[in-house]
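1. Okay, predicted coordinates and the sequence, questions at the end:
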Amino acid sequence: MSLEGKQAPAFELAGSDGRTHSLKEYAGKTVIIYFYPRDNTPGCTKEACGFRDHHQTLGALNAVVLGVSKDSLKSHDKFIADFKLPFTLLSDPEAKMMAAYGAFGEKVMYGKKTTGTIRSTVIVGPDGKVVRHWTKVAKAESHPADVLAFLQQRQAA
């Protein structure tokens, strides 16, 4: 289920910076919300480090990065410290926000059906509408570069 062209679902979640974050506080900015299964796992680490490495360029495009998983804030703190992540990670322990964004549900892992976090990314435009939705990210390590390329092309257009 793609959210492209639709109003992004509202949320309020605790962030790794000690604040509660909501979508409305980012009005006027482009918000990259990426959903990932777990802190400190190989794919999630590669994806987070990709967003870290592109952070300055994304910031120059007036874009904010938010990572979301079910992990605790304590787990997020360690993940941020271990990999020097310059953006906020949000904790969604009950997966309510993830479900609203289609990032939680049935998926296939190692050939078995399971329920969990679906690696996906949403870009919310300054008007609060979803401009791009990757409903399933296959290559975590190259995905941040795809997000950056999309935003650069959009700005050039």
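-> Now that the structure is in, tell me what you want to look at.
2. now the strands for the protein?
-> Using DSSP state E, the strands found in the chain span residues 12-15, 20-22, 30-35, 63-69, 88-91, 104-109, 112-117, 120-124, 130-134.
3. With mean neighbour count, mean pLDDT and distance to residue 49 as new columns, can those strands be given to me in JSON lines?
-> All C-beta spots, glycine's among them, are computed from the backbone N, C-alpha and C. Shown next, in JSON lines, are these (neighbours: other C-beta atoms under 10 Å; pLDDT from 0 to 100; distance: least, C-beta to C-beta, whole Å):
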{"stretch": "strand 12-15", "mean neighbour count": "17", "mean pLDDT": "97", "distance to residue 49": "19"}
{"stretch": "strand 20-22", "mean neighbour count": "14", "mean pLDDT": "97", "distance to residue 49": "22"}
{"stretch": "strand 30-35", "mean neighbour count": "24", "mean pLDDT": "97", "distance to residue 49": "12"}
{"stretch": "strand 63-69", "mean neighbour count": "24", "mean pLDDT": "97", "distance to residue 49": "11"}
{"stretch": "strand 88-91", "mean neighbour count": "22", "mean pLDDT": "98", "distance to residue 49": "13"}
{"stretch": "strand 104-109", "mean neighbour count": "13", "mean pLDDT": "82", "distance to residue 49": "22"}
{"stretch": "strand 112-117", "mean neighbour count": "12", "mean pLDDT": "88", "distance to residue 49": "18"}
{"stretch": "strand 120-124", "mean neighbour count": "24", "mean pLDDT": "97", "distance to residue 49": "15"}
{"stretch": "strand 130-134", "mean neighbour count": "19", "mean pLDDT": "97", "distance to residue 49": "18"}
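4. With respect to residue 76, which of the ones you listed lies nearest?
-> Closest approach to residue 76 among the strands of the chain (C-beta to C-beta): strand 88-91, 4.1 Å.
5. which other residues reach that closest one?
-> With C-beta atoms under 8 Å, 6 or more residues apart in numbering as the test, strand 88-91 has contacts from 13-17, 21, 39, 65-73, 76, 79-80, 97.
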